[in-house]
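> need the 3D shape of this:
(2 chains)
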Amino acid sequence: MKTREQRDLFPGALEMMILRTLKRQPLHGYALAQHIKRTSNDLLQIEEGSLYPALQRLLKEELVRAEWGISSTNRRVRIYKLTAAGAKHLEHEVSRFEKMLEGITRVLAPGES
Amino acid sequence: MMWFQRLFLRRRLYENLSEEIREHLEEKIEELVAGGMSRKEATAAARRAFGNVMLTEEDSRNVWRWLSVEELLADVRYGLRALRHNPMFTAVALLTIAIGIGANTAVFSVVNSVLLKPLNYPNAEQLASLHQIAPGAPGLADFENGLHLSASMYFTYAEHNRAFQSLGVWDTGTASVTGLAEPEQVRTVEVSDGVLQALDVPPAVGRWLSEADQVPRGPQRVMLSYGYWQRRFGRDRSVVGRNITVDARPREVVGVMQKDFRLVDRDFDIMVPLAFDRGNLILAGFGFEGVARMKPGVTITEADADLTRMLPIWMDSWTNGPGTNPHFYETWKITPMIRPLKREVIGNVSDVLWVVMGTIGLVMLVACANVTNLLLVRIEARQQELAVRAALGAGWGRMVRGLLVESVMLGLMGGVLGAAFAYAGVRLLLAIGPANLPRVSEISLDARTLGFTVLLALLSGLLLGLIPALKYAGPRASLALRGGGRAASASRERHRARSILVVGQVAMALVLLVSAGLMIRTFQALRTVDPGFTDAQHLQVMRISIPAALVAEPERVLRIQNEILEKLAATPGVKSAGLVSEMPMEGFDSDWDCIFAQDKIYPDNVMAPLRLYKYISPGFLQTAGTRLVAGREFTWSDVYGLRPVVMISENLAREMWGTPSAALGKQLREFPSMPWHEVIGVIQDVRERGVQEKAPEIVYWPPMMEYLFGRKIADTVRTETFVIRSERAGTEAFLNEVRQAAWSVNSSLPLASVRTMKEVYDKSVARTSFTLVMLGIAGVMALVLGIIGIYGVISYTVSQRKREIGIRLALGAQGQDVVQMVLSQGATMALAGVAIGIGAALGLTPLMRSLLFGVTAQDPETFAAVAALLILVALLACYVPARRATRVDPMVALRYE
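Numbering: from 1, shown residues only, chains lettered A, B, ... in the order given. From the prediction side, this is the model:
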C-alpha cells in the first residue's frame, strides 16, 4: 500500500517544487499540476490530488497566499502567490537540497573511497 | 493566524478547497474532451489522474485540524451513533459492565477505607501497638493476643524507653452511669497517661485527661466521647466541669473527644483514667493493651530492641511478692513484637477483604469476556461496513481507534452507572458485612475510589475493544468485501477468539465456584462443632455489674445476683437461669493465671501453665446446655459456705490426669497461700474463642470465694453474664419482663450486652459467613455469565452453520447426530475451561487457607462437584441451540445456495 503523502517523493519535495514554480509566476492548482508534470517530463509520478494537501500546508505556514481570480480560460480559479517568507524558505530549502544531493551523488559515484 | 481564528475560518477554507478541487477536475475534463475523448471517458481519466478525491480533501483538511482531538470527537460521535442504533446490545453490555464495575467499586471502597487509608490520627505511621509474645509461658500460647502489658511494665517502658515519644496502656470495660436518665451501662476505656499524647488527637471541648488525673484516690475525672456527649448532653459545651455518676461515684467531666475518635479499634462512651497505685504494683497483671508513638525515624525493629533492653530493668525494679524470683519471667521468653497500629486495628479481616476483592475482580474479567463476545458478534455483523470504510481509504489505525473509542465509551458509561450501583453496593456490603468489621464508620466513596472506578472503566473499555479491534480492523479487513459472508461462515478461525473467551469464562467460573464451595464446606464443618452450649436462639444473655460504690459487701452482691436469678427463673416461659463470668465468644477480657495441682511437682524455675479462669453459678451448666462430663456441679451452699471446690474442663482433666473421672477428688490452687480446692466436677470443652479456635483448658471457680483475684478476704465477681433459657428469648416483651425482674431487685442496675447466644454465635462466625455470601454471589454471577457466554457462542455457531446443517440433514444425517455434533463442540469448550480452571484453582485456593476450617484448600470433593456442575450446566446451555439446529429445514437452508 502506498503512503498517503508524496508517493515516491521525499518529504518536502513537492512543496519545494510548488514554491519554485510559483516563484516564476502565480498559478492556480490545475495549472500548477500541469506545469510540474510537463517540466518534469512526466518522470515524477505525482497524483494531481496530492498537490492540494501540500498547498494547504504551505498556506498554513504562510509561505503562499491564495486569491480567487479568473484564469486565462475564463474559469473561476484560486490563484496561489509566493510570499516573501515563501521565497526565503524556497532559497533555504533549495540550498539544503543541493547539499543533500551532492552528498548522495558523491556516495553513489563509483571508484572513489 | 491564531488557532481560534482558524476555527472560525475553517468552514470557509473547506468550502474553498472543495470548490477548487471540483474546478480542477472540470478543467481537466474539459481539456480532455477538447482533445477528443467522450465526456464519460474524460471524467474517469481525470479522476484517475487526480487520485482519491475524498482522501485528498480529508488530507487537505487535516492540515488545518487540531487533529487528535477532532478525530477523537468524530470517533466518539460515531461510536455513540453505533451504540444508539443497537439498543439491545448496548443495554445488555452496559448493564453487565455496570454491575461488574459497581461490585468492584463497592468492594474496593471497603478495601480502601479499611486497609489502605491511614488511620485517623495525625502521622499515624508512627503509631504502634506494643504487642509481645511469651513463647516460653506454658499454656499461654493458646491466648489469641499474645501477652498483654502489666501496669509495672508500663511504668518501666514509659520511664526508660529511648524509642518512643510517648506510650501508654489502656483497657476496655463497662460502667454504669446513673442520675442522668434510666441507669445506663456504658462502654468505657481506661487509659494511662501517655495514651492520648501518643494518639495526639485534640479534644473537641475542654482538655485531655492529664497526668494529674492519674493519681490514685485523687480527683475523679472523666472524658466523654463525642457520640455520648451528643446523645446524653445534646452537645452542651457547659458539660465540662460538671459531675456525672459513674459506678455510683461522682466524676468531673474535663473534656469531650472529637467526633469519630476511636481508641485504636474501640468505640466508647466515656474515658476514665487508670490511676495506677504505683506502690502496690507487682510484676504480674498482664491485662493491658499498649499503644505508643515512635520517635520520627525509629523503625519497628529498633523499637522492639528498645523494649527487649528494658525487660531486665522491669524484672529488677518490681517483684511478685516476698519469696518469688522476679527473673523467673526469663523462662517465659517474653519477646516484643511491636505492630504498626494499623495492623492491630485491621486484625484478620484483611485476608477476607483481599480474597473478596480478588473474587470480584475475577467476576469483572468474566463480565468483560461476555461483553467482548457480544462485541465480536456485533462487529461480525458490521464487517461489511468496516470493509467499505477500509476500501474508502480509512487507515486501519484509525479504524482500530474507532472501535476502541466505542468500547472505551461503553466502559465509561458503564463506569458512571457502576458508580451508582457501587453506592447501593456499599450499603449492602455494610449490611451483610462482618458486624465487627474494623473502621466501618470510615467507609465511603472517596476520591481514590472514584479514581479506581474511572481506571477500571477505562481499562475494561480498552480490554473489551482490543480483541475485536485487532481481529476485524486489521489490514485484512478488506477481505470481507467479497463473498458477503457466505464463504466465511464455515471458517473455524472466525470463532476461535470467541471460543477462547468462553473457555476462559468457564475456567474463571470454576475458580470462583470452587472458592465458594470451599466456604460452604467450611461453614458446614463449623456447624458440626459443638460450641459448648445448645439451642443458641433460646439462650438470652445480658451483663449486669454491681459496683462497689453501690453495694460494698461481697456476700450482699452475691445475694443480689442470686435474687435476680430467682426472679428471672420465675419469669413466664423461663426454664432456668444461671451466672457466668462470660459466655463463650462474647469477647470480654477474661481472667487467667497458673494452676498448681497437689499431686504434681513444680521445680523452682518452672511455672505451672497458665489457664483460663471462669466463674460459674449453680444451675449455669444446665441453663447453657454445657455438659457435665464427670462429678457434680457447685451448689449454692458450696458458694455461700466458701467451700474450697473447683471444676475443670475435660481437656484440662485429660492433660493432667488422663481421664475426667481421675480428676475428681484432686486438689488445685492458684498460689501457695491459697488453700487447696477439690475438683468436684469436669465440664465438656467449650469453644471460648470461637468455633474455629481450639477449646482452651479452663478452670471453673465459684462466683464467690476467698482469695478471689489473689485477695485473702472473701470476694464476689461483680460483673457477670446472666444466662436465661427460654423459648421467648429475644422478643421485646420478654426483654421488658427481664428488665423489670432485675430492677425489682435493685433499680440502679443497668443491663448491658443484651443478646441471644445465637447473635453471639453468628457474630463469631460472621467473617466466615460474610466470605461465604460474597464468594457465593461472585460464583453465581460468574456461573450465569459463563452460561450466557457458552449459550451465545453455540447458538451463534448454529445459526452460522445453518446451511451446513441443512446439507447434512438433506444427506440423511439424523437429528441426534446434529445434537451430538453441537453438544460436542460445547463439551470441548467446557472441558477445556474446567481443566484450565482446576489448574488455576489449585494455584489460587491456597490463598484463602486462613479462611478455611475443616477442609483443605484442595478438597477433591469440592473440586469434583463443581467441575461436574459446570460441565452439566454447560451441556444444558448447549442443548437448547442444539435442539434448534435439528429443526433446520433443509429446503429453507439450501434455498439460499
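
> going by C-alpha atoms from here, please, whenever you check contacts or count neighbours.
Fine.

> check contacts around the one residue in the stretch 101-250 of chain B that gets nearest to chain A.
Closest contact between the stretch 101-250 of chain B and chain A, by C-alpha to the nearest C-alpha, is at B:Ile101 (41.5 Å). By C-alpha atoms under 8 Å, 6 or more residues apart in numbering or on different chains, the contact list for B:Ile101 reads B:364, B:414-415, B:418-419, B:422, B:453, B:456-457.

> and if you look at B:Ala874?
Applying C-alpha under 8 Å, 6+ apart, the residues near B:Ala874 are B:787, B:790-791, B:826-827, B:830.

> wait, is it part of a helix?
Yes - under DSSP: H, G, I helix; E, B strand; the rest coil, B:Ala874 sits within a helix.

> hang on, isn't B:Asn243 packed against B:Arg249?
No - B:Asn243 is not in contact with B:Arg249 according to C-alpha atoms under 8 Å; the separation is 9.4 Å.

> any idea how many residues pack against B:Glu70?
By other C-alpha atoms under 10 Å in any protein chain shown, 12 other residues sit near B:Glu70.

> any idea of the mean pLDDT for whichever strand or helix holds it?
Per DSSP states H and E, B:Glu70 falls inside helix B:67-84. Averaging pLDDT along helix B:67-84 gives 77.

> helices along chain A, start to end?
Secondary structure of chain A by DSSP state H: the helices cover A:13-24, A:29-39, A:51-60, A:84-108.

> quick one: closest of those helices to chain B.
Comparison of the helices of chain A against chain B by C-alpha to the nearest C-alpha identifies helix A:51-60 as nearest, at 3.9 Å.

> can you give the contact residues for that closest one?
Contact with helix A:51-60 is made by A:14-15, A:29, A:33, A:64-66, B:56-57, B:59-61, B:63-64, as judged by C-alpha under 8 Å, 6+ apart.

> chain A contacts on chain B?
Within reach of chain A by C-alpha under 8 Å from any C-alpha of the partner chain, chain B has these residues: B:20, B:23-24, B:27-28, B:49-53, B:56-57, B:59-61, B:63-64.

> restricted to helices, list these.
Judged by DSSP H, helices contain the following of the residues of chain B next to chain A: B:20, B:23-24, B:27-28, B:49-50, B:53, B:56-57, B:59-61, B:63-64.

> coming back round to it: in the helix or strand hosting the residue of the stretch 101-250 of chain B closest to chain A, which residues are buried?
Taking DSSP H and E as the criterion, B:Ile101 maps to helix B:87-111. For helix B:87-111, the neighbour count (16 or more other C-alpha atoms under 10 Å in any protein chain shown) marks B:89-90, B:93-111 as buried.

> how many residues are close by residue 45?
I'll assume chain A. A:Gln45 has 13 neighbours, counted by other C-alpha under 10 Å.

> wait, chain B
Per other C-alpha under 10 Å, the neighbour tally for B:Ala45 reads 16.

> which residue is the nearest non-sequential neighbour of it?
Of all residues not flanking B:Ala45 in the chain, B:Ile29 sits nearest, at 8.0 Å (C-alpha to C-alpha, 6 or more residues apart in numbering or on different chains).

> what's the burial count for that neighbour?
Residues lying near B:Ile29 (other C-alpha under 10 Å) number 23.

> now do the contacts for it.
B:39, B:42-43, B:45-46.

> nearest to chain A, of these?
B:Ala46 (9.2 Å).

> tell me which element the closest one falls in.
helix B:39-50.

> average model confidence for that helix?
Across helix B:39-50, the average pLDDT comes to 87.

> in chain B, what residue is nearest chain A?
At 3.9 Å from chain A, B:Ser60 is the closest residue in chain B, using C-alpha to the nearest C-alpha.

> that older thread, and the angle from the helix holding B:Ala46 to helix A:51-60?
Put simply, helix B:39-50 runs at 50 degrees to helix A:51-60, going by axes from the mean of the first three to the mean of the last three C-alpha atoms, to 10 degrees.

> determine which two of the contacts of helix A:51-60 are furthest apart.
Using C-alpha to C-alpha, the contacts of helix A:51-60 reach their maximum pairwise distance at A:Ala33 and B:Trp64, which is 21.9 Å.

> before we move on, back to that, is it possible to export the helices of chain A to TSV including mean pLDDT and mean neighbour count?
As requested, the helices of chain A are exported to TSV (pLDDT from 0 to 100; neighbours: other C-alpha atoms under 10 Å in any protein chain shown):
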stretch	mean pLDDT	mean neighbour count
helix A:13-24	88	19
helix A:29-39	85	18
helix A:51-60	86	21
helix A:84-108	89	13
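
> need the pLDDT of the residue lying closest to B:Ile99 once chain neighbours are set aside.
Distances taken as C-alpha to C-alpha, 6+ apart put B:Gly418 closest to B:Ile99, at 5.9 Å, once the chain neighbours are dropped. B:Gly418 is assigned 91 on the pLDDT scale.

> can you tell me which residues contact B:Gly418?
By C-alpha under 8 Å, 6+ apart, the neighbours of B:Gly418 are B:97-103, B:105.

> from B:Ala447, how far off is the spatially most central residue of chain B?
In chain B, the centroid-proximal residue (C-alpha atoms, centre = their mean) is B:Leu353; its distance is 3.6 Å. B:Leu353 sits 20 Å away from B:Ala447, going by C-alpha to C-alpha, to the nearest Å.

> doesn't B:Asp200 make contact with B:Tyr121?
Yes - if you go by C-alpha under 8 Å, B:Tyr121 and B:Asp200 touch, sitting 6.9 Å apart.

> show the model's pLDDT score for B:Tyr700.
As predicted, B:Tyr700 sits at a pLDDT of 95.

> so where is the stretch 451-600 of chain B shaky, pLDDT-wise?
Applying pLDDT under 70 to the stretch 451-600 of chain B picks out residues B:472-494, B:589.

> can you give me the strands in it?
Secondary structure of the stretch 451-600 of chain B by DSSP state E, counting those that start in this stretch: the strands cover B:539-545, B:574-580, B:591-594, B:596-597.

> mind putting those strands in a markdown table, mean neighbour count included?
Putting the strands of the stretch 451-600 of chain B into a markdown table (neighbours: other C-alpha atoms under 10 Å in any protein chain shown) gives the following:
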| stretch | mean neighbour count |
| --- | --- |
| strand B:539-545 | 24 |
| strand B:574-580 | 24 |
| strand B:591-594 | 18 |
| strand B:596-597 | 18 |
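
> who in chain A is up against chain B?
By C-alpha under 8 Å from any C-alpha, the residues of chain A that approach chain B are A:29-30, A:47-50, A:52-54, A:56-57, A:60, A:76-78.

> looking at those residues, which is nearest B:Ala714?
Using C-alpha to C-alpha, A:Lys60 comes nearest to B:Ala714 of the residues of chain A next to chain B, at 103.0 Å.

> ok, that closest one to B:Ser407 distance?
When A:Lys60 is compared with B:Ser407 (using C-alpha to C-alpha), they lie 35 Å apart.

> same check, this time on B:Ala733
59 Å.
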